[in-house]
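Asks: Kindly generate the corresponding structure for this input.
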Amino acid sequence: MKNKSKKRLVLALSMLLALLSLPSCLKKDDTTILINNPQDIPLITEFFPSDLLAQFGEQNVHFGDQPPVIDMEFVSQHEYVSVTTSAPSFPPPGTVSPIAHYHKINQQYLQIAEYLSMSSEETYCNVISPVYLTGHGNDFTVYYHESPQTDGSPEHAVLFSGTLTADGVKNFMYGYKILRYNDSVVPITAYPVNTIFVFKDRDGLAEKNNWYNDSLVHR
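Replies: Predicted structure coming up:
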């Protein structure tokens, strides 16, 4: 009888240890599921005009559902790569813009973020939310629509891409297409609808630059 009681006690203890280890396994599995929680974001090929993507260059669009976390502020100096427009005159490829462009990805969660930007000619930065990200490793592409507060109230489809490094964004590219003007009166000096511009950083690296502070957001 004593042997049977000992066997039952050992069996009960074994079962208790097995049950105690089970929540640990479940916790790990639950964590994995939460980290890979899917997001409802538009596909870049459906969200963007095909002619803009073609002119930007497929080799410069980084696909993937695990883009890097872009926790860096940076600045780019644009050189015209290509222009498609019906306007009678425009800057030829190779022209370098004297305007600096400042960038910051904020509040990124997987493939969705807020984007803050301004040029060296602006007093306040622009805040665009949401923007979408695609990519893998250190390669990324950001894409979104914007409505700049300029004459004619245009709407643009915009994307930029590159490779995140310790010094900034290597092989930085930036492109946009004018989709429409929302004002009834558009200045004759404005580029026409369907105009596409594609730029690269003049030296291939959009340098890390801690340019942002809260005073730059217009409140």
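Asks: Isn't residue 137 up against residue 165?
Replies: No. In terms of CB atoms under 8 Å, residue 137 does not count as a neighbour of residue 165; the distance is 11.6 Å. C-beta coordinates here come from the backbone N, C-alpha and C atoms, glycine included.
Asks: Counting neighbours, what do you get for residue 129?
Replies: 12 (other CB atoms under 10 Å).
Asks: Who are the contact partners of it?
Replies: 107, 113, 114, 115 (CB atoms under 8 Å, 6 or more residues apart in numbering).
Asks: Tell me which of these fall in strands.
Replies: 107, 113, 114, 115 (DSSP state E).
Asks: If you rank those residues by neighbours, which is first?
Replies: Most surrounded of the ones in strands among the contacts of residue 129: other CB under 10 Å gives residue 115, at 25 neighbours.
Asks: ok, now how distant is that residue from residue 44?
Replies: Per CB to CB, to the nearest Å, residue 115 is found 15 Å from residue 44.
Asks: helix, strand or coil for the spatially most central residue of the chain?
Replies: Closest residue to the average C-alpha location of the chain: residue 142 at 2.8 Å, with CA atoms, centre = their mean. Classification of residue 142 using DSSP: H, G, I helix; E, B strand; the rest coil returns strand.
Asks: helix or strand for residue 99, which one?
Replies: Using DSSP states H and E, residue 99 sits in strand 96-109.
Asks: show me where the chain has helices.
Replies: Along the chain, counting by DSSP state H, helices occupy 2-35, 44-47, 50-56.
Asks: For the second one, list the C-alpha coordinates in PDB.
Replies: To tie it back to what came earlier, the one meant is helix 44-47. Included here for helix 44-47 are C-alpha records, laid out as PDB according to Å, rounded to 0.1, in the frame of the first residue of the first chain:
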ATOM      1  CA  ILE A  44       2.100  50.100 -53.600                       C
ATOM      2  CA  THR A  45       1.300  48.700 -57.000                       C
ATOM      3  CA  GLU A  46      -2.400  49.400 -56.500                       C
ATOM      4  CA  PHE A  47      -2.000  52.700 -54.500                       C
END
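Asks: Show residues contacting it.
Replies: Contacts for helix 44-47 (CB under 8 Å, 6+ apart): 53, 61, 63, 132, 134, 141, 143, 157, 159.
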